[in-house]
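Participant: Predicted model follows, preceded by the sequence.
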Amino acid sequence: MLKKILKTVSVILILAQIFGCSKKDEEKNITYYREEAVSLPDDIIMFHDMIEMPNGNISILADTKTEIGRIFELNSDTNSWEVKNEKWESLENSVPFDEKFLEEDSGFASVLYNALLAESEEDASSLRPGYFVINKDGVIEELTLDLSEGYESEEYNLFTLMENYNKQLIGADNAQLIYSFDMNGNIKYINKDIKTLNTEIVKMIEIEDLIYTVLDNGEVYCMEPGSGVMAEGNNSVIEYLQCEEEDYTSYSLYKDPAGGKLYKLTKEALYCYDLGKKAEEKLFDTRFYDLKNGNNFQMLVSKDGTVYLSYILSSGEIRMSEYTYDKNGIEVRKEPLTVYSLTENYVLEKLVDAFNVEHPDTIAEVTYGYTSDDGKTKEDAVQLLNTELLSGKGPDIIIMDGLSEESYYSENMLKDLNDIIDEGHMQKIYSNMLHPYSKQEGQYAIPLGFQIYGIIGKKEIVNVFKDTDAFLGMIEAENTDFVISDYNLSESANILYAQNMSKCISDKNVNKENLRELFGYFKRIYDISGNSFGENNKNDSLFEYYETSSMDTAVQWIYYDNLPFVVAPYFNKDSFFAAKYLCDKEGYAQEYVSENGDLVYADKMVVSVSGQSAKDNEISEFLEFILTDGQDIICQSLQMLPSNRDKLSGLLVDQNHQEPYALSEFGYGDNPDMISIYGIPLNQTDFENFEKKLGTAKKQGNTEINVKDIVLKGAGDYCLGDKSLEDAVGNVTNQMVLQFKE
């Protein structure tokens, strides 16, 4: 009865909202800063610092493709960049790790000498850092900085300048020691307090004759700049400067030269603190602007109040934007559409960026559960996601890679995609790829792409490929110690897993005898592996890497080392074109991983929609984009084949070009003999035969990320000798039993 009453009340409330019984104006998001992209010089590859010149022009310090430490000034009259400094000739072939303006006519640089000339790992490890004060006319003064109080190995003691105060160079090394040097490189003091706190420095800034050091644990350390002695800072300033753990890759500070205002950028917003009034103001929310997914932010606020921000995307693209105040305000019509990925995903970022260009009226942004920099674990991220979903504050779209789609669906956390995506778009996806994510109630997830695995090589080896024991026996008889190169070891492990794991787990019961047999296969393929440079595979995370090679690069080993075969994940069109060339022109054969006669595929980038999201229109717009135009971006990523039938056909079939053409060229040594890797596109008949196999293909079983991780980690422990076969199998069995119970 209670459920019926609640349901009735909910319906009444919904109808009231629709027909105006509860008249509440729709909330509007207003921002008062107008964003405009600033075009940067074309050949910039790294952005270091920016400064406002006395004439009001903006000047930046950046590296180009051919030179480090170029100063460009933006001419406000012509809106064009002009080079303003002489070339730093003595630092060519060096790699900078820090560059900053000291004043408008001079700067500071830290480099690794001759890093571009290092030809071996030994050469690279012997590189030493250099530190310089450099004038605009190109005159360089090298500083000899004594960093011996830090790490024992000199090359690890890299000094980063963080504050230029009264001609003092104040900064820190990798050991988190704070140094102060004069302009000649002489030590004024060393502060070791931070090193004892087991934390890292995020930013330093001078405020009212004190140095405030922002730490990544949320604390702020204060000291006197002249002596380095710990000091008591202003509590309200300290509170303002504190950096949240998830913010430090986005965190940036700027103090206006007059000293009256302090600007802070976080992941969420840009703030201004008036030091005189001791008052804080939020200038704008970053989610309304094109700042998402950025890191290494640089900030400048000009005398007229214009805010300049530069940042780098994970793709390496450098961006710069200016934000000018608009007293009338700008209405942001929609809250951002949040697209969640458990881990960093460059392909997803490209998809979202492309969507935002094509659909400027809908703001979409990527959020991550955890990154390599934030200190979170996968478990932390999943727990936080679950909490947010249950409280109704979760993301709109969820990339389910690494998450259990079935679990989220069973907990009623996912929407039926049939109600969101047009039927015509759904019909273009291979139905057998949709089926694993459908119930009688609806479709709760879709894969955007897929991979298949296989082999290409001598016919006698390919013919026994389906029999793992016979296949490994033939490889061992070849007596070629790098026939499974370390470049392809993870693919080999995935093939063994795909071919044999269904015999090891059935209805969530573990067959230990078959698991022992599989671990034996892993050990045999590990013993065979190596590479043509004579190195051994001793990585502690053996088998845990995702696929790294595609066919066009893998076939290089057939030519370079005269290998009898290569294992091949078919990532992209080059995979198919190279395989067709080898079969048609070189007499090789190929075979795919199959189960009971059916092709086995592994799906990639599985997408679901959060049940609590109220943005169905925007979600529909986004999902239909990634199922059509977005599939081209997936193809270009070299990580998967598109699940859209039309896109796959357009990618692989070329009726007008059936002659070989070069996919790539490679060579080794001082005077390499270049070898061309050729390919031939598929014709319509080839594709139709392949599509028949795809139409009955089975999703690779037991691909849940936790199960696969557990098995591959256990196999690695056994192969590396860290555990006996019985201990490794027993440990994996116990872990999987616990996993299935959860």
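Facilitator: Ah, there it is.
Participant: Do a quick rundown of the helices in the stretch 251-400 of the chain.
Facilitator: Ranges of helices in the stretch 251-400 of the chain, per DSSP state H, counting those that start in this stretch, are 346-358, 378-390.
Participant: Now tabulate those helices in CSV and tack on distance to Ile51 and mean neighbour count.
Facilitator: Placement of C-beta: from N, CA and C, glycine included. Output for the helices of the stretch 251-400 of the chain, formatted as CSV (distance: least, C-beta to C-beta, whole Å; neighbours: other C-beta atoms under 10 Å):
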stretch, distance to Ile51, mean neighbour count
helix 346-358, 29, 19
helix 378-390, 39, 15
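Participant: Out of these, flag the one nearest Glu149.
Facilitator: Within the helices of the stretch 251-400 of the chain, the stretch nearest Glu149 is helix 378-390; the backing value is 34.9 Å (C-beta to C-beta).
Participant: Stretch 276-290 - what's its average pLDDT?
Facilitator: Here stretch 276-290 scores 87 as its mean pLDDT.
Participant: just to revisit the earlier point, which one of the helices of the stretch 251-400 of the chain lies closest to Ser643?
Facilitator: Closest of these to Ser643 is helix 346-358, at 13.9 Å (criterion: C-beta to C-beta).
Participant: how about Ile420, phi and psi?
Facilitator: With angles defined as degrees, to the nearest 10, Ile420 sits at phi -120, psi -40.
Participant: check contacts around the nearest residue to it once chain neighbours are set aside.
Facilitator: With sequence-adjacent residues excluded and distances taken as C-beta to C-beta, 6 or more residues apart in numbering, Ile420 is closest to Ser620, at 4.9 Å. Shown in contact with Ser620 (C-beta atoms under 8 Å, 6 or more residues apart in numbering): 420-422.
Participant: give me the element Ser620 is part of.
Facilitator: helix 616-626 (DSSP states H and E).
Participant: I'd like the distance from the residue nearest in space to the middle of the chain to Asn191, if you could.
Facilitator: The residue lying closest to the centre of the chain (C-alpha atoms, centre = their mean) is Glu344, at 3.8 Å. Distance from Glu344 to Asn191, counting by C-beta to C-beta, to the nearest Å: 34 Å.
Participant: Also Leu403?
Facilitator: Per C-beta to C-beta, Leu403 is found 45 Å from Asn191.
Participant: model confidence over the helix holding Ser620, on average?
Facilitator: pLDDT averaged over helix 616-626 gives 90.
Participant: Can I get it as PDB, trimmed to CA atoms?
Facilitator: Written as PDB, here are the backbone C-alpha positions of helix 616-626 (Å, rounded to 0.1, in the frame of the first residue of the first chain):
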ATOM      1  CA  ASP A 616      17.400  12.500 -22.000                       C
ATOM      2  CA  ASN A 617      17.500  14.900 -25.000                       C
ATOM      3  CA  GLU A 618      21.100  15.700 -24.500                       C
ATOM      4  CA  ILE A 619      22.000  12.100 -23.900                       C
ATOM      5  CA  SER A 620      20.200  11.000 -27.100                       C
ATOM      6  CA  GLU A 621      22.100  13.700 -29.000                       C
ATOM      7  CA  PHE A 622      25.400  12.400 -27.700                       C
ATOM      8  CA  LEU A 623      24.800   8.700 -28.100                       C
ATOM      9  CA  GLU A 624      23.500   9.100 -31.600                       C
ATOM     10  CA  PHE A 625      26.600  11.100 -32.400                       C
ATOM     11  CA  ILE A 626      29.000   8.500 -31.100                       C
END
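Participant: Could you give me the buried positions within that helix?
Facilitator: Residues of helix 616-626 classed as buried by neighbour count (16 or more other C-beta atoms under 10 Å): 618-626.
Participant: now those as JSON lines including distance to Leu651?
Facilitator: Below are the buried residues of helix 616-626 laid out as JSON lines (distance: C-beta to C-beta, whole Å):
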{"residue": "Glu618", "distance to Leu651": "28"}
{"residue": "Ile619", "distance to Leu651": "26"}
{"residue": "Ser620", "distance to Leu651": "25"}
{"residue": "Glu621", "distance to Leu651": "24"}
{"residue": "Phe622", "distance to Leu651": "22"}
{"residue": "Leu623", "distance to Leu651": "20"}
{"residue": "Glu624", "distance to Leu651": "19"}
{"residue": "Phe625", "distance to Leu651": "18"}
{"residue": "Ile626", "distance to Leu651": "16"}
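Participant: Which one of those residues is nearest to Thr249?
Facilitator: Among the buried residues of helix 616-626, Phe622 lies closest to Thr249 (C-beta to C-beta), at 25.1 Å.
Participant: what about Glu224, how many residues close to it?
Facilitator: Neighbour count for Glu224, taken as other C-beta atoms under 10 Å: 14.
Participant: Kindly state the pLDDT recorded for it?
Facilitator: With respect to pLDDT, Glu224 scores 97.
Participant: which residues sit in contact with the nearest residue to it once chain neighbours are set aside?
Facilitator: Taking C-beta to C-beta, 6+ apart, and ignoring the residues beside it in sequence, Glu224 has Ala231 as its nearest neighbour in space, at 5.0 Å. Taking C-beta under 8 Å, 6+ apart as the criterion, Ala231 is in contact with 210, 222-224.
Participant: With Phe297 instead?
Facilitator: Counted by C-beta under 8 Å, 6+ apart, Phe297 has contacts 250-252, 265, 309-311.
Participant: can you do 7 Å?
Facilitator: Under the criterion of C-beta atoms under 7 Å, 6 or more residues apart in numbering, the neighbours of Phe297 are 250, 252, 265, 309, 311.
Participant: Out of these, which two sit at the greatest distance?
Facilitator: Farthest pair in the contacts of Phe297, by C-beta to C-beta: Ser250 and Leu309, 10.4 Å.
Participant: higher neighbour count, the two?
Facilitator: Remark: of Ser250 and Leu309, Leu309 carries more neighbours, 26 against 21, as counted by other C-beta under 10 Å.
Participant: Report the beta-bridge partner residues of that one.
Facilitator: Met299, Ser321 (DSSP bridges).
Participant: how's the chain carved up into domains?
Facilitator: Residue ranges for the domains of the chain, per automatic domain parsing: 341-448, 449-614+637-741.
Participant: And the closest residue to Gly233 other than its chain neighbours, how far from Ile238?
Facilitator: Counting by C-beta to C-beta, 6+ apart, Gly233 lies nearest to Cys222, which is 3.5 Å off, once chain neighbours are set aside. Cys222 sits 7 Å away from Ile238, going by C-beta to C-beta.
Participant: Quickly list what's touching both of those two.
Facilitator: Any residue near both Cys222 and Ile238 by C-beta under 7 Å, 6+ apart counts here, and not one turns up.
Participant: can you count the residues close to the residue nearest to Val339 when sequence neighbours are not counted?
Facilitator: Closest residue to Val339 apart from its sequence neighbours, by C-beta to C-beta, 6+ apart: Ile397 at 4.6 Å. Using other C-beta under 10 Å, Ile397 has 24 other residues around it.
Participant: same thing with Gly226?
Facilitator: Using other C-beta under 10 Å, Gly226 has 14 neighbouring residues.
Participant: Sticking with it, tell me its helix or strand.
Facilitator: Per DSSP H and E, there is no helix or strand for Gly226.
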